[in-house]
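[1] just coords:
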């Protein structure tokens, strides 16, 4: 038995690996899933980001598990985009970096991705501008 309240209260990162293992265990009940997500959010262990991203992007996993992985990792940092993670780039024009060159299209897609019925991970989604520093200009 995983002591979710204790892990959450103490933000005990020693439980990161067992929590990740439990997330992908077959037959995880919904009520336990909520406790597990809360514990993962509390520990906020950087070692969990790679495994959680792998769960989030694995379309063979059940949607509720993928959403749980995404809900943990949604914080103050940007993560993978539905353009790459959900293969939306296969249905829209992107550049060689899997980014959009058209601002209007970026806003349209952010709104589309934010609608739960469209099947993307839960938002919120943001439109950001990406700049590259030219090494010769530095």
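    Ah, there it is. Only a predicted model underlies this, so the values are computations on that prediction, with no experimental measurement involved. Residues are numbered from 1 along each chain as shown.

[2] mind checking the SS state of residue 66?
    Three-state assignment for residue 66 (DSSP: H, G, I helix; E, B strand; the rest coil): helix.

[3] so the residue lying closest to it once chain neighbours are set aside, which of the three states?
    Excluding the flanking residues, the one nearest residue 66 by C-beta to C-beta, 6 or more residues apart in numbering is residue 56, at 5.4 Å. C-beta coordinates here come from the backbone N, C-alpha and C atoms, glycine included. Three-state call for residue 56 (three-state DSSP): helix.

[4] residue 56 touches residue 85, doesn't it?
    Yes: in this structure, residue 56 is within contact of residue 85 by C-beta atoms under 8 Å, at 6.6 Å.

[5] overlap of the contact sets of the two?
    Shared contacts of residue 56 and residue 85, defined by C-beta atoms under 8 Å, 6 or more residues apart in numbering, are found at residue 121.

[6] please tell me how far residue 84 sits from residue 66.
    Look at residue 84 and residue 66: by C-beta to C-beta, to the nearest Å, they are 15 Å apart.

[7] higher neighbour count, these two?
    Using other C-beta atoms under 10 Å, the more surrounded residue of residue 84 and residue 66 is residue 66, with 21 against 13.

[8] and the more buried one, what does it touch?
    Counted by C-beta under 8 Å, 6+ apart, residue 66 has contacts 55-56, 58-59, 121.
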